[in-house]
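# Pasting a predicted model and its sequence here:
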Number of protein chains: 4
Amino acid sequence: MTTVKTIGILTGGGDCPGLNAVIRAAVKTALRRGIRVWGVQNGFGGLVEDQMVELDDRSVSGILPRGGTILGTTNRDNPFAYAVEIDGKTQYQDMSAKALENLRSKGIEALIVIGGDGSLAIAAKFNALGLPVVGVPKTIDNDIPGTERTFGFDTAVSIAGEALDRLHTTAESHHRVMVLEVMGRYAGWIALHAGLAGGADCILIPEIPYRMESVLEKISRRRQVGKHFSLIVIAEGAKPENGEVTISRIVENSHEKIRLGGVGEKLAREVESSTGLESRCTVLGHVQRGGTPTAFDRVLCTRYGVAAAECLVEGVSGCMVALRQDRIIRLPIVDIAGRSRQIEPDDELVCAGRAIGICFGD
Amino acid sequence: MTTVKTIGILTGGGDCPGLNAVIRAAVKTALRRGIRVWGVQNGFGGLVEDQMVELDDRSVSGILPRGGTILGTTNRDNPFAYAVEIDGKTQYQDMSAKALENLRSKGIEALIVIGGDGSLAIAAKFNALGLPVVGVPKTIDNDIPGTERTFGFDTAVSIAGEALDRLHTTAESHHRVMVLEVMGRYAGWIALHAGLAGGADCILIPEIPYRMESVLEKISRRRQVGKHFSLIVIAEGAKPENGEVTISRIVENSHEKIRLGGVGEKLAREVESSTGLESRCTVLGHVQRGGTPTAFDRVLCTRYGVAAAECLVEGVSGCMVALRQDRIIRLPIVDIAGRSRQIEPDDELVCAGRAIGICFGD
Amino acid sequence: MTTVKTIGILTGGGDCPGLNAVIRAAVKTALRRGIRVWGVQNGFGGLVEDQMVELDDRSVSGILPRGGTILGTTNRDNPFAYAVEIDGKTQYQDMSAKALENLRSKGIEALIVIGGDGSLAIAAKFNALGLPVVGVPKTIDNDIPGTERTFGFDTAVSIAGEALDRLHTTAESHHRVMVLEVMGRYAGWIALHAGLAGGADCILIPEIPYRMESVLEKISRRRQVGKHFSLIVIAEGAKPENGEVTISRIVENSHEKIRLGGVGEKLAREVESSTGLESRCTVLGHVQRGGTPTAFDRVLCTRYGVAAAECLVEGVSGCMVALRQDRIIRLPIVDIAGRSRQIEPDDELVCAGRAIGICFGD
Amino acid sequence: MTTVKTIGILTGGGDCPGLNAVIRAAVKTALRRGIRVWGVQNGFGGLVEDQMVELDDRSVSGILPRGGTILGTTNRDNPFAYAVEIDGKTQYQDMSAKALENLRSKGIEALIVIGGDGSLAIAAKFNALGLPVVGVPKTIDNDIPGTERTFGFDTAVSIAGEALDRLHTTAESHHRVMVLEVMGRYAGWIALHAGLAGGADCILIPEIPYRMESVLEKISRRRQVGKHFSLIVIAEGAKPENGEVTISRIVENSHEKIRLGGVGEKLAREVESSTGLESRCTVLGHVQRGGTPTAFDRVLCTRYGVAAAECLVEGVSGCMVALRQDRIIRLPIVDIAGRSRQIEPDDELVCAGRAIGICFGD
């Protein structure tokens, strides 16, 4: 089979519940095959800066339930366009050769990259340069093509669903419209799943531009049958027809930069002024992407971590592990990089939502 | 298309998180199509005893997060062999004609049955008699063939996983072997998933007869590397090689019937006497199968409920809804009844477990 | 003893976890003493509008774990200055006589009012008019004098604490400053308790005006010992020395009213621009005040509900039930109305926080 | 003030959520006062065996939310009667001088002991020998006199309460009697609080011997009003009038030792045979005493840890920290050792329970 003796592992991009669970599974799998494992610290920056530490069984003991990543990470550094300070000015240089040299100096022959869209694209470039790389798809947004689930997504949905449960009782008792803004700039998977799980009346997602009148009509129909409250889930990237995305616009005002409320806040104000019902918005923010993963995600992460290490053991690289039909498969990493998976308007879950009367704003 | 105007819905068998979520989705879907819905109370017994109540939108309002079933249920009654008291003796009679008559008297033309193996078999019989029936697979055990997931399973795994998290810290601090016995008489899916999610060192399931020496050797190897504790998950139906299943044996002792501890308790005692390490067993029991469902299960239940109602709307019956490739499909109910899905010894999850060093006792 | 035969119960003001638990306990206690109970719907407005419904044991069955209030509520209506529409203009009239008449017409001789500061003040006025009233202190803010704990507070702290746990791992892995803005306009109890429970590095509360330099110095000292992240909890009413409270200021901008981010958002921006560390703010909002109560709150609510009903049974009124030394006591309602309980700068919890190195910004 | 320069800290006895939170607070408080801290590993055994390690800020970083104890512990070793192997026989010797010598050799002048009844008694003995000792009361049972709350108790109640929520929906849907057996051999505080929090119909505690007829009568009265289910919480030490405690009896049977079910299992069998209602028992076991503490417990632990360290800083010893009137106070350790706090039959919570119809079996 293969002759790989030493591998590296790194985590890139934003936080995502389950990073440590993937690391643990990959490291344990490799070590049991007699392969040495180095952890690259602080994402791709650590490759360039030579921040690596060898990992043993003890390094990954007890980390399964923990949020974050023991390797640390950043979501900035790209070795192919690396920010360096020259004469007080920031310039971007290709430091990939330095990165490869750092790996070589430790005998690291292959790399596992746990990351999202951007990190996987960098991984693909290194792979093209001859470094065997395997990717593990990481995003709470579930919008990486080729895989039925990305890890972290189930946890994010679970957290947003719990928030909806809490908002629901307040909405009902106090005759209010409660808006929950969840993550999802380009894809509305979290909003869609959390909305179904939390009994939302309206689900607004980037893929389906919404009309304010539809939302107001839904609220109005509910009042007619004696339900003086509504629950709305809105993805941060949802936008009205002919409107613009309003994620955290920064404007200049009274001598200070201010960050405007996002789409949820704006929607709540419009609903309140149109209906007279008290309306409140909650923005879950980073609470969705940190902390301990759900059991579902821990199992998925373990499977991904094992599968990634086994690829390298078998001498397979240039691929990403993915979930399909409840099985782990391997996909060419170049087929994925730079693409994203959005919700189709006739997605079965959207249709299910419509069947039970959920308004998607169209 | 179809001309069905009135349908019934019933829940059969033991409790399972998400029953109400299925009912809600099916009822809402039917009502929005102009179809009337009757709820059959207390399972199949309610068919015979004519315990039915019409459901409207208000009947299913607010039940999404609630455990149990608003219809009530039993896990005993079979209309085809119905217990009746005659001359002080219990006899079993075929009361299916009475059940059908009760349905007809209310104009109920078709039935949604949410149930496990046994309930689906009864449903298939009614379907064979000409009553259009659609089944929704219900078991926390995840062992119904044809579907990648049954609802309630994710919740059960989640609860067992949380219990393992709690036991883990005690085991570690106190140098103990902690055994968690989970549900699963014939299939070990809960044990397998919960064990992976909770970082178990040994996972013992009905499909893989275990040797005590393997378990002890695993514990011993851990001690050699300074880990003076172990976590073991055991399914209630797991059995030692050449041994017998020991689920809750009832024996006569000192003038009273006593229920013996199950397989977990027995295992803990054997581990303690062999290793000298304090060993404790926890039996999660019914806590696993009640209460509010996870977000994952709520979404799955909603999809199942919508799909079941839509079958009847489209004039399709004799089928069970199922999840495959993250899509809801329809399978002939007769193909499922009486069969169960067990874990294959080379299941990917078992292999993943072995790759990270989990002992399966073989 | 007393001769009271019929009592009423109402909930006033914003949502608070445990309202239903108080209602349940009071109703059950009264019914078992042979006293009839009416539920006043929609807060004090329901008194004026004659929206009342008799409650029996079934009315309160199963509501213990549920958020919200089965009685509904508003946080606007005051019978002593009740908004009425006259000739198209809103005028405020004293409708207390109407309210009393509505109570009399049903034979309601006494009232339990579950509410915060404002509702208790109205309750005191009714008591002064001769209607026996007992108050139950309700606020998630824990700032009602005379009681060691208000119900709902433990739940709010628990939710904020869980959010901190999630933010913590992201902060640590990603070298960030995470700010959590929690409720508390005038008193910082939630921030103080949640900050201690969640391992915050800075806790900023209304009672201790903060200096930005202190916060920055704390972050800087942490970096010096290799901790490149910090967690800050800030109450919505916290303010910088010589600064102004910045809760959700509304300003006119580019032809639309916009709601500015609150104190947390502002703090995060200042920290980021001063330190160069990525800083993010999460505003928990209404998630803190809805949903199922913690076990602690359910017990406290049950005690309060029982005690309130027993006051009326014993012919005692004009009082509020309170918790002191782990016992339920009775305090004159007039002693409480209009006063609030803030954190003393030398409060034991503040001192404990300082002892372990938490920065309070002074 | 004092001149103490170096202290030790140890944890004794069984697991309890919050041990690490106390350690963290005590260590941080001491370090900030310039005092060195040694952690004694594995409880009192570590004193004798000289297993100690110096702790710094990094040692206690991130441990606040974690269950267990970083120091490890046992619940066996007593330096005043220490098991030693002599000529193949176990003998018990007084090794306290050795323990004191080990402390002296590291310059440790005083000791914080976090433990229950037994550990505090040993601590008192060391204090009498001239070693300044401060105790922190530790038991999930809440039965240490002098303090309104022991840490870990709120977490245990919370876990038991969640289990009741889950069992409740199954009981209701399936017309069952569900029994939950919780910890509490001599005091029923967990059962009492969890029962109130989880809506139990019967609460059976060691302090109030129960009559089976009372329990059956309660179940029967519920059926008469259409409630075909009941929830019973029973403390492991509860016993029938004239009966015996039945905790996990071991009997000899068919050539193997078997552990009988405890009081809960026995009760469920009796209820089932008497009422014909299906009855099931769940024994929570060690799940109650491990894992992450609630926010309430984390705050309490932090206060206890700070207070304990401050005692030694101030030169005060021979005391235990305690909670009274929401303040931390100091009590002579000798007043506590060997005593326990049980529930009085007229305790306010018991009376509250009776007021809402809970049956205590008497």
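Looks like it arrived, so ask away.

# A:Glu207 - how many residues pack around it?
21 (other CB atoms under 10 Å in any protein chain shown). Backbone N, C-alpha and C define where each C-beta goes, glycine included.

# Helix, strand or coil: sort out it for me.
coil (DSSP: H, G, I helix; E, B strand; the rest coil).

# From chain B, how far out is the residue of chain A most remote from its centre?
Largest separation from the mean C-alpha position in chain A: A:Gln224, at 39.0 Å (CA atoms, centre = their mean). Remark: distance between A:Gln224 and chain B (CB to the nearest CB, to the nearest Å) = 12 Å.

# now A:Val299
5 Å.

# which regions of the stretch 251-362 of chain A lie under the pLDDT threshold?
Within the stretch 251-362 of chain A, the segments meeting pLDDT under 70 span A:251-261.

# how about 50 then?
A:251-259 (pLDDT under 50).

# close to chain B, is the helix or strand containing A:Ala163?
Element membership of A:Ala163, judged by DSSP states H and E, is helix A:153-174. Yes: contact of helix A:153-174 with chain B (CB under 8 Å from any CB of the partner chain) involves A:154, A:157-158, A:160-162, A:165, A:172.

# and of the residues you listed, the nearest to D:Leu111?
Nearest to D:Leu111 among the residues of helix A:153-174 next to chain B is A:Glu162, at 42.7 Å by CB to CB.

# That closest one: what's it in contact with?
B:295, C:291 (CB atoms under 8 Å, 6 or more residues apart in numbering or on different chains).

# Could you tell me the model confidence score at it?
We have a pLDDT of 97 for A:Glu162.

# hey, where'd the helices end up in the stretch 251-362 of chain A?
Using DSSP state H, counting those that start in this stretch, the helices of the stretch 251-362 of chain A run over residues A:263-275, A:295-313, A:333-336, A:348-355.

# meant to ask about the stretch 51-200 of chain A
Ranges of helices in the stretch 51-200 of chain A, per DSSP H, counting those that start in this stretch, are A:96-105, A:117-128, A:153-174, A:189-198.

# picking up where we left off before, out of the helices of the stretch 251-362 of chain A, deepest packed?
When you average the neighbours per residue for each of the helices of the stretch 251-362 of chain A (mean count of other CB atoms under 10 Å in any protein chain shown), helix A:295-313 leads with a mean of 27.

# tell me the angle it makes with helix B:153-174.
Our comparison of helix A:295-313 with helix B:153-174, counting by axes from the mean of the first three to the mean of the last three CA atoms, to 10 degrees, yields an angle of 80 degrees.

# Briefly note if helix A:295-313 comes near chain D.
No: using CB under 8 Å from any CB, helix A:295-313 stays clear of chain D, coming no nearer than 14.6 Å.

# still on that earlier bit, quick check, nearest of the residues of helix A:153-174 next to chain B to chain B?
Minimum distance to chain B across the residues of helix A:153-174 next to chain B is 3.7 Å, recorded for A:Gly161 (CB to the nearest CB).

# and A:Leu192, how far is that from A:Glu181?
Distance from A:Leu192 to A:Glu181, counting by CB to CB, to the nearest Å: 14 Å.

# quick one: the helix holding A:Ala163 to chain centroid distance?
19 Å (CA atoms, centre = their mean, to the nearest Å).

# Same check on stretch A:124-141?
Taking the mean of its C-alpha atoms, stretch A:124-141 sits 16 Å from the chain's own mean (CA atoms, centre = their mean).

# buried set for that stretch?
By neighbour count on 16 or more other CB atoms under 10 Å in any protein chain shown, the buried set for stretch A:124-141 is A:124-127, A:131-141.

# What is the nearest of those to chain D?
Lowest distance from chain D to the buried residues of stretch A:124-141 (CB to the nearest CB) belongs to A:Ile140, with 21.4 Å.

# residues contacting the closest one?
So A:Ile140 contacts A:16-17, A:150, A:152-153, A:155-156, A:183, A:190, A:288-289 (CB under 8 Å, 6+ apart).

# Residues of the stretch 1-150 of chain A that sit close to chain C?
Within the stretch 1-150 of chain A, the positions near chain C by CB under 8 Å from any CB are A:14-15, A:19, A:66-69, A:72-75.

# give me every residue that touches the nearest residue to A:Lys218 once chain neighbours are set aside.
Distances taken as CB to CB, 6 or more residues apart in numbering or on different chains place A:Cys359 nearest to A:Lys218, at 3.9 Å, with adjacent residues excluded. The neighbours of A:Cys359, taking CB under 8 Å, 6+ apart as the test, are A:201-203, A:214-215, A:217-218.

# Please repeat the previous calculation with a cut-off of 6 Å.
A:202, A:214, A:218 (CB atoms under 6 Å, 6 or more residues apart in numbering or on different chains).

# Could I have the CA atoms of the helix or strand encompassing the last one written out in CSV?
Think A:Lys218. Remark: A:Lys218 resides in helix A:212-224, with elements defined by DSSP H and E. Only the C-alpha atoms of helix A:212-224 are listed here, as CSV (Å, rounded to 0.1, in the frame of the first residue of the first chain):
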residue,chain,number,x,y,z
MET,A,212,-43.2,42.2,2.5
GLU,A,213,-46.8,41.8,1.5
SER,A,214,-46.6,38.1,1.7
VAL,A,215,-45.2,38.2,5.2
LEU,A,216,-47.8,40.7,6.3
GLU,A,217,-50.6,38.7,4.8
LYS,A,218,-49.5,35.6,6.6
ILE,A,219,-49.5,37.5,9.9
SER,A,220,-52.9,38.8,9.1
ARG,A,221,-54.4,35.4,8.3
ARG,A,222,-53.1,34.1,11.6
ARG,A,223,-54.8,37.0,13.5
GLN,A,224,-58.1,36.1,11.7
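
# which residues sit against it?
A:201-202, A:230, A:274-275, A:359, A:361.

# Which of those fall in strands?
A:202, A:230 (DSSP state E).

# Closest one of the contacts of helix A:212-224 to B:Glu54?
Distances from B:Glu54 to the contacts of helix A:212-224, taken by CB to CB, are shortest for A:Asp201, at 24.0 Å.

# For chain B, see how far away that closest one is.
11 Å.

# Alright, calling it a day.
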